[in-house]
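*Asks:* any chance you can model this:
(one chain, ligands or ions: 1)
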Amino acid sequence: MNRAPFPAPAESLDAVILSHAHIDHSGRLPMLVQQGFRGPIYTQRATTDLCDIMLRDAAYLQEKDAETENRKRARKGLPPMPPLYDMRDAEKTLQQFESLDYDEIVAVVPGIKLRLRDAGHILGSAIVELWLSEGGATRKVVFSGDLGLRDAPILHDPEVVHEADAVLLESTYGDRRHRSREESVQEMGEIFADAHADGGNILIPAFAVGRTQELLYLFMQHFDDWGLKHWRVCLDSPMAIRATEVYASHVGLHDEDAVALWRGQGGGLASRLEFIRTPQQSRALNKVRSGLVIVAASGMCEGGRIRHHLKNQLWRPRCHVVIVGYQARGTTGRQLVDGHAYVSLWGEAIRVKAQVHTIGGFSAHADQQGLLDWYQGFRDRPPVWLVHGEDQARATLAQRLQEVAGARVRIPQLGDVLDLGKLPGRG
Ligand SMILES: [Zn+2]
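*Replies:* Down below sits the predicted model:
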């Protein structure tokens, strides 16, 4: 899918609007530039800073992957394949970013106005409001982006939007309800207590951007009740460390109480927290059999240093793995959640003897109720197109939206076109 063609020629686009930095939203931008897109990429200011880290990292990984792949191809007598994109493409892309603040209205191109609202999902994440005018008529389209949870720590709540002629709504957790934050906090405390009694380690796969910072914040808040003084907390992800620095430089965008943490005043946590930067430091953790909490990317265990730790520890019954984020189908993380007895890492079958825990209440995504509530903020029940969710989640959410809110819901397929001229006017 990464190499799939774009729905329109890259050079024909006037502008791009990016909702947030997560790589499933930003990751193909350098391909767009490589294929001839020269226009502005509008996004929230903090997203620009996060993409500066993430797109360079993605380019680096693409180059490395191509190198490895091409060594194999050479041995088979095949010609080399270019990487999806390289560092030069990523750097060119970053120059096309146009940073916006939340709530300012800008004219993107004649006839199209844009406003970004806080989506409360990760730092800089935005709901996109677009006013499109043609021939004296205006239609307003709202794209939810990825929506965060209400009352989540660090970030503000997702803003409620009242007016739209069409809504594109994410549906990641459209078929699920999270357990409450309080229950999740308690569950986490029990895992820490059990793991301490077992004398093992705790592995937490986490997205480098967003989830990791939220975990650090929770560790600070619950330092005493989770017994963290017994643990070395290792943040083993260079990208997460840099992303944490970006969080620290945008203190205006999050809750007051998170600011202390970014300023290094994390109370007891400050003395137990270690930033693991080099591969050597990371490998040294392999020898430690107990007392480690390792937070490492990637969040779905598809890359990054977490895979090394899983390989080293999954077969140990005293190891605990805590899954705190969304796991897409087909990923190693999903296999762990589904209770597979073995997972494959670098072609080697690893027996899963570790105790795997899944905690939903720390999610960065609104659950079904959160999505329904957000939609019900709109007046006049605008038609909804469900995006960004697996089929089951979209089907379930569509049904709920119809039952609860009387919404007209559509489930588009990849490549479908939404014709705004055919939308009924509002009111
Ligand atoms: Zn996201």
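
*Asks:* any idea how far apart the tips of stretch 278-287 sit?
*Replies:* 16 Å (CA to CA, to the nearest Å).

*Asks:* my bad, should have said stretch 81-91
*Replies:* Where stretch 81-91 begins and where it ends lie 21 Å apart, using CA to CA.

*Asks:* repeat for stretch 164-174
*Replies:* 21 Å.

*Asks:* anything in it near the ion?
*Replies:* No: using CB under 5 Å from the ion, stretch 164-174 stays clear of the ion, with a minimum separation of 8.3 Å. Bear in mind the C-beta positions are built from the backbone N, C-alpha and C, glycine included.

*Asks:* can you check stretch 103-123 too?
*Replies:* No: counting by CB under 5 Å from the ion, the ion is not contacted by stretch 103-123; separation bottoms out at 5.6 Å.

*Asks:* now that stretch: mean pLDDT?
*Replies:* What stretch 103-123 shows for mean pLDDT is 96.

*Asks:* tell me where the stretch 101-250 of the chain has helices.
*Replies:* Per DSSP state H, counting those that start in this stretch, the stretch 101-250 of the chain carries helices over the ranges 181-198, 211-221, 238-249.

*Asks:* make a markdown table from these and add distance to residue 309, mean neighbour count and mean pLDDT to it.
*Replies:* A markdown table is the format used below for these (distance: least, CB to CB, whole Å; neighbours: other CB atoms under 10 Å; pLDDT from 0 to 100):
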| stretch | distance to residue 309 | mean neighbour count | mean pLDDT |
| --- | --- | --- | --- |
| helix 181-198 | 14 | 16 | 94 |
| helix 211-221 | 15 | 23 | 89 |
| helix 238-249 | 14 | 20 | 88 |
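
*Asks:* so which of those comes closest to the ion?
*Replies:* Closest to the ion of these is helix 211-221 (CB to the ion; 9.9 Å).

*Asks:* how far does the closest one sit from its chain's centre?
*Replies:* 15 Å (CA atoms, centre = their mean, to the nearest Å).

*Asks:* which outside residues touch it?
*Replies:* Helix 211-221 is touched from outside by 123, 152-154, 185, 188, 204, 206, 226, 228, 233, 235, 237, 240, 243-244, 247, 258, 260-261, 266-267, 269, 273, 295, 297, 299, 324-325, 362, 364, with contacts defined as CB atoms under 8 Å, 6 or more residues apart in numbering.

*Asks:* now, of those, which are buried?
*Replies:* 123, 152-154, 185, 188, 204, 206, 226, 228, 233, 235, 237, 240, 243-244, 247, 258, 261, 266, 269, 273, 295, 297, 299, 324-325, 362, 364 (16 or more other CB atoms under 10 Å).

*Asks:* still on that earlier bit, residue 146: which of the helices of the stretch 101-250 of the chain is closest?
*Replies:* Among the helices of the stretch 101-250 of the chain, helix 211-221 comes nearest to residue 146, with 12.3 Å by CB to CB.

*Asks:* dump the closest one to CSV, keeping only the CA atoms.
*Replies:* The C-alpha trace of helix 211-221 is given here as CSV (Å, rounded to 0.1, in the frame of the first residue of the first chain):
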residue,chain,number,x,y,z
ARG,A,211,1.7,7.7,24.1
THR,A,212,5.2,7.8,25.6
GLN,A,213,4.8,11.3,26.9
GLU,A,214,1.4,10.4,28.4
LEU,A,215,3.0,7.3,30.1
LEU,A,216,5.7,9.4,31.7
TYR,A,217,3.1,11.8,33.0
LEU,A,218,1.1,8.9,34.5
PHE,A,219,4.3,7.5,36.1
MET,A,220,4.9,10.9,37.7
GLN,A,221,1.4,11.1,38.9
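
*Asks:* compute the inter-axis angle for it and helix 181-198.
*Replies:* 80 degrees (axes from the mean of the first three to the mean of the last three CA atoms, to 10 degrees).

*Asks:* helix 211-221 close to the ion?
*Replies:* No: using CB under 5 Å from the ion, helix 211-221 stays clear of the ion, with a minimum separation of 9.9 Å.

*Asks:* what angle separates that helix from helix 238-249?
*Replies:* Using the same axes, to 10 degrees: helix 211-221 against helix 238-249 is 70 degrees.

*Asks:* residues contacting the spatially closest residue to residue 89 that is not a sequence neighbour?
*Replies:* For residue 89, ignoring the flanking residues on the chain, the nearest one in space by CB to CB, 6 or more residues apart in numbering is residue 30 at 4.0 Å. By CB under 8 Å, 6+ apart, the contact list for residue 30 reads 55, 58-59, 85, 89-90, 92-93.

*Asks:* figure out how far the helix or strand containing residue 30 is from the centre of its chain.
*Replies:* Assigned by DSSP states H and E, residue 30 belongs to helix 29-34. Relative to the chain's own centre, helix 29-34 is displaced by 20 Å; criterion: CA atoms, centre = their mean.

*Asks:* ok, now stretch 230-238?
*Replies:* Distance of stretch 230-238 from the chain centroid (CA atoms, centre = their mean) equals 21 Å.
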